[in-house]
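Q: only the shape, not the letters, is given here:
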């Protein structure tokens, strides 16, 4: 099974930290933290397949978690890294936990990871995601650019993802809206997520952090995560939304530092 290589950015030196974004997003989601992390780590931020600048899987290849994990493991080898530390948000958080469960990484920092929803909250998440996709798809580019130029417009565009979407730059807001509009794997990934559940143990240093103002995967799901991952450290990101890198980048960086340090101390 031949899978396409991922587009990525790589900065810094030190222990390798791989940053995995959520569904419909792109590697630019990590812009608020990537330069700070690169002062201490070899940071790799890829676009997942079918998002950002990465090509989608061929039509006959299913968007399912085992395939995504195998694909990332193969990319690690191509990037020349062994058991990196991984940080993921939403879908990327779920992939990070799956990589950790397989023992393919040295630590996991999962920010509002998918896979802990119940039947109702799963429908809520899918509804919110398809609302985002719909408005990105039907919004004329000129209108998106106009809205992104004001704080109120950025709040309208990003209110489901961030507690403080007005903190996004106009350029980043337009970039994210266009990548969501033109991504080629959204529906295939979202529908597979409908049947996904994370229910494994993760034998590496693990932090699960949840924004208390998350509107996609509400903070109530953190209770389920605590039950299924009792060995992990669980943290509330007070006042942060679903994508906390914009809302509280300093806290996100701090959690990554702490989790990587724990993972490094446990490496043989």
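A: Nice, thanks for sending it over. These figures come from a predicted structure and were not determined experimentally. Numbers count the residues shown, from 1 in each chain.

Q: can you point out the buried residues in stretch 85-105?
A: Buried residues in stretch 85-105, counted by 16 or more other Cβ atoms under 10 Å: 85-102, 104-105. In this view, the C-beta of every residue, glycine as well, is placed from N, C-alpha and C.

Q: let's see which of these end up in helices.
A: 91-101 (DSSP state H).

Q: neighbours around residue 171, how many?
A: 11 (other Cβ atoms under 10 Å).

Q: got the phi and psi for it?
A: Main-chain torsions, residue 171, degrees, to the nearest 10: phi -60, psi -50.

Q: report the contact partners of it.
A: Shown in contact with residue 171 (Cβ atoms under 8 Å, 6 or more residues apart in numbering): residue 148.

Q: who does residue 11 bridge with?
A: Listed beta-bridge partners, residue 11: residue 43 (assigned using DSSP bridges).

Q: got the contact list for it?
A: 34-35, 38, 42-43.

Q: go on, residue 167?
A: Per Cβ under 8 Å, 6+ apart, neighbours of residue 167: 246-247.

Q: same thing but at 10 Å, please
A: Residues counted as contacts of residue 167 (Cβ atoms under 10 Å, 6 or more residues apart in numbering) are 32, 151, 154-155, 158, 246-247, 249.

Q: and if you look at residue 92?
A: Counting by Cβ under 10 Å, 6+ apart, residue 92 touches 18-23, 25, 29-30, 46, 48, 68, 72, 86, 110-114.

Q: among those residues, which ones are in strands?
A: If you go by DSSP state E, these have 18-20, 46, 86, 110-111 in strands.

Q: now tabulate the residues you listed in CSV and tack on pLDDT.
A: Listed next are these as CSV, based on pLDDT from 0 to 100:
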residue, pLDDT
18, 98
19, 98
20, 98
46, 98
86, 98
110, 98
111, 98
